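Asks: pasting the structure only:
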Ligand SMILES: Nc1ncnc2c1ncn2[C@@H]1O[C@H](COP(=O)(O)OP(=O)(O)OP(=O)(O)O)[C@@H](O)[C@H]1O
């Protein structure tokens, strides 16, 4: 079993990802796809006159401040355009894909964080009305049901809070929790970079290997949103996933290349 997470940043070639996945699926590989949608969400939010607001926590993690209106825009893009675009691509390739959010069937569950601590102009502020959280529980029953009936699950945030409220969760960490819950052999985190770069954005500085017990030390190389990927990788290997690969989804055969060791391999 492999869990593939494809991001939502500019430059990702979804046709290439889906074509590669389709061939592997048809040859009998068990897999689940998770996806993001941040780039398109930013564009749609701007167009709707409710521009994105990113906040940085005192420990340096950047996240999208998700008020109710932002959550609704987020759902339009992640669960709508992005999810159905990927499902359609797979259906055209003859793969019976089913697209679901973490809210559906409570696939991803976590605690609703209503407030977030953010550093703004050098001061720590508490912002209320946030609809975010972290996946703490993955309910694999529905996924296993789909897989055993021959459907390829295509999953996306948001998750469900324990009270049933939709919460924005990080897709990389959700995919990591899923990989742990499904006892996956590998987790692929595919994005618009060749992997973790020692000196971002210089692509010649690709880090090829990270020992599983040293992942957190590599957080120093990750800026802003890459930090969550590194954190997700650490959570996955600590949870028993043998290999996590940060790979390039911009062209070629992104899944096969990553499984072949291109990118940054954490093991
Ligand atoms: N050291 C680094 N190496 C590689 N990328 C880095 C590094 N530091 C920061 N980044 C940034 O991290 C980005 C990848 O994270 P991002 O969350 O944008 O991707 P994603 O998974 O495609 O999106 P989504 O949130 O929609 O799932 C890269 O596009 C790059 O700009």
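Replies: All right, it came through fine. Here the structure is a predicted model, which is why all the values come from computation and not from measurement.
Asks: So what's the residue count around residue 193?
Replies: Look at residue 193: counted by other CB atoms under 10 Å, it has 23 neighbours. The C-beta positions use only the backbone N, C-alpha and C, and glycine is treated the same way.
Asks: Could you measure from it over to residue 205?
Replies: Per CB to CB, to the nearest Å, residue 193 is found 11 Å from residue 205.
Asks: Strands of the stretch 1-150 of the chain, residue ranges please.
Replies: Taking DSSP state E, counting those that start in this stretch as the criterion, the stretch 1-150 of the chain contains strands spanning 2-6, 31-35, 54-56, 62-64, 97-101, 108-120, 123-138.
Asks: looking at these, which is closest to residue 164?
Replies: Of all the strands of the stretch 1-150 of the chain, it is strand 108-120 that lies closest to residue 164, at 9.6 Å by CB to CB.
Asks: So which elements touch that closest one?
Replies: Judged by 3 or more CB pairs under 8 Å, 6 or more residues apart in numbering; DSSP states H and E, strand 108-120 is in contact with strand 54-56, strand 123-138, strand 159-161, strand 166-167, helix 171-181.
Asks: Quick check: mean pLDDT of that strand?
Replies: Mean pLDDT, strand 108-120: 96.
Asks: please renumber so the chain begins at 176
Replies: Noted, 176 is the first residue going forward, which turns the last one into strand 283-295.
Asks: Could you list the paired strands of it along with their orientation?
Replies: strand 298-313 (antiparallel), strand 334-336 (parallel) (DSSP bridges).
Asks: Contacts for it, please.
Replies: 230-233, 238, 240, 277, 299-314, 330, 332-338, 340, 342, 344, 349, 352-353 (CB atoms under 8 Å, 6 or more residues apart in numbering).
Asks: if we go to 6 Å?
Replies: Residues from elsewhere that reach strand 283-295, judged by CB atoms under 6 Å, 6 or more residues apart in numbering: 230-233, 277, 299-303, 305, 307-312, 334-336, 340, 342, 349.
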